[in-house]
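# The sequence and its predicted three-dimensional model are supplied below.
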Amino acid sequence: MNDDKVTYNVLNWGPCVVQVKVSDDFKNKLLSGAESARAKKLDYTDKLAGIIKEEYAYEKKEDYLPEVAQCLGIYDVAFQRWKSDPYERKPEYMLTALWVNYMKQH
């Protein structure tokens with residue numbers, strides 16, 4: 001992973017929502033993986049509650065862990081500031097699924 005800085009904003013209403021702008025490298029990695037999942041027809045619709053016709057599982061979700069971990073680290077910091085209370089114990093995260101939704105207008 002490169003040393004690109006991550007840009008983010010925290011929306012101060014309702015639950016803690018963090019807007020993250022990822023690097024072009026990560027964006028392209030996600031898009032490439034999504035197209036590969038689509039081409040291989042790695043259907044994921046039976047595991048999701050929505051009614052989107054094209055939902056595909058990424059083939060090797062662990063390949064995305066470094067970038068996802070960076071985003072979760074940013075969320076952790078933002079959440080602690082949002083609730084004005086540092087963690088007693090930092091939470092542990094596990095990437096159990098990674099999928100893409102191909103949505104269409106209307």
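Okay, I see it. Numbering: from 1, shown residues only.
# Show me where this structure has its strands.
In the chain, the strands defined using DSSP state E lie at 7-11, 17-21, 54-57, 99-102.
# Among those, show me which one is buried the most.
strand 54-57 (a mean of 19; mean count of other CB atoms under 10 Å). Quick note: C-beta positions are derived from backbone N, CA and C, even for glycine.
# what packs against it?
When contacts are defined as 3 or more CB pairs under 8 Å, 6 or more residues apart in numbering; DSSP states H and E, strand 54-57 packs onto helix 24-39, strand 99-102.
# looking at those, which is closest to Glu55?
Nearest to Glu55, of all these, is strand 99-102, at 5.2 Å by CB to CB.
# send the alpha carbons of the closest one over as CSV?
Below are the C-alpha coordinates for strand 99-102, written out as CSV (Å, rounded to 0.1, in the frame of the first residue of the first chain):
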residue,chain,number,x,y,z
TRP,A,99,-19.4,-7.8,-2.2
VAL,A,100,-20.4,-5.3,-4.9
ASN,A,101,-23.9,-4.2,-6.0
TYR,A,102,-24.4,-3.2,-9.6
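# What is the longest helix of this structure by residue count?
The helix that spans the most residues within the chain, counting by DSSP state H, is helix 65-83.
# Please convert the helices and strands packed on strand 54-57 to TSV, extending it with mean pLDDT.
Formatted as TSV, the helices and strands packed on strand 54-57 follow (pLDDT from 0 to 100):
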stretch	mean pLDDT
helix 24-39	97
strand 99-102	96
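# Ala49: which of the ones you listed is closest?
Smallest distance to Ala49 across the helices and strands packed on strand 54-57 (CB to CB): 11.9 Å, for strand 99-102.
# Parallel or antiparallel, which strands does the lowest-mean-pLDDT helix or strand in the chain pair with?
Ranking every helix and strand in the chain by mean pLDDT, DSSP states H and E puts strand 7-11 at the bottom, with a mean of 75. Counting by DSSP bridges, the strands paired with strand 7-11 are strand 17-21 (antiparallel).
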